[in-house]
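*Asks:* Build me a model:
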Amino acid sequence: KNAKDLKEVMLRNFRFLNSHIKKEREKIEELNSYCCVPICPIIVEDSNFRGAVLVKPCQAVMSMQAKDYHPFLYYPSGCFEVSSVLEIAGVKHEIEISHLMFVLKEAHDCSAQKTLDFNTKNVVVKAVKKLKDLLKAKEKAKGLNPLYLPSHQESLCLSTSLYYCDKYQPREL
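*Replies:* Here you go, the predicted model:
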């Protein structure tokens with residue numbers, strides 16, 4: 001019940017903001033300042049936790065694809081009536097490079113350079129594949145620093161510390 005109450009309060013706040021944004025376009029800049037503040041109501045229902053949480057706009061994507069990157073990205077279900085407010089605050093409709101960079105950084109920070117657990121490893125693999133696809137579609141990539149990628153030890157490390165040995169040297173028998 002508390003989770004639904006919190007979500008309803010947040011939706012009322014967003015409805016209020018939405019009605020005022022339509023009247024006063026100059027206030028839009030104020031909402032942009034909330035991109036790093038947890039203001040998006042999300043109902044989480046997984047095996048570890050059930051309830052309402054607030055996440056940063058950079059963690060929310062108005063696409064079901066966000067569920068593939070749980071617990072790093074979230075899909076704000078039930079918030080479509082206030083999607084214009086969420087969009088101004090920084091919530092995107094599709095997964096972008098910045099989301100994937102966020103996923104990789106958070107996975108790195110959570111794992112503390114140790115071997116990734118099974119679920120995090122799956123999310124990281126999906127994120128790297130999606131990042132590759134998005135980068136192929138762009139001519140010039142911006143904002144790829146710092147970039148955390150999987151190492152051969154199944155942990156994440158800075159891409160600048162990785163190397164690829166392209167010289168094949170057969171082992172002596």
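*Asks:* For Val44, which three-state class applies?
*Replies:* Applying DSSP: H, G, I helix; E, B strand; the rest coil to Val44 yields a three-state assignment of strand.
*Asks:* all helices for this protein, in order.
*Replies:* 2-23, 28-32, 83-89, 97-111, 118-137 (DSSP state H).
*Asks:* Kindly report which one of those helices carries the lowest mean pLDDT.
*Replies:* Among those, helix 28-32 carries the lowest mean pLDDT, a mean of 61.
*Asks:* Excluding covalently adjacent residues, which one is nearest to Val44?
*Replies:* Val53 (5.6 Å; CB to CB, 6 or more residues apart in numbering). Every residue, glycine included, has its C-beta placed from N, CA and C.
*Asks:* Settle this for me: the one you found is touching Gln59, isn't it.
*Replies:* No: contact criterion CB atoms under 8 Å: Val53 and Gln59 do not qualify, at 9.9 Å.
*Asks:* what's the burial count for the residue nearest to Val44?
*Replies:* By other CB atoms under 10 Å, 15 other residues sit near Val53.
*Asks:* State the pLDDT value of it.
*Replies:* pLDDT at Val53 comes out at 76.
*Asks:* same deal with the one 4 residues further on?
*Replies:* The confidence metric pLDDT takes the value 81 at Pro57.
*Asks:* how about the residue lying closest to Tyr74 once chain neighbours are set aside, what does it touch?
*Replies:* Closest residue in space to Tyr74, ignoring its immediate chain neighbours: Ile42 at 4.6 Å, by CB to CB, 6+ apart. If a contact means CB atoms under 8 Å, 6 or more residues apart in numbering, then Ile42 has 52-55, 60, 74-77 as its contacts.
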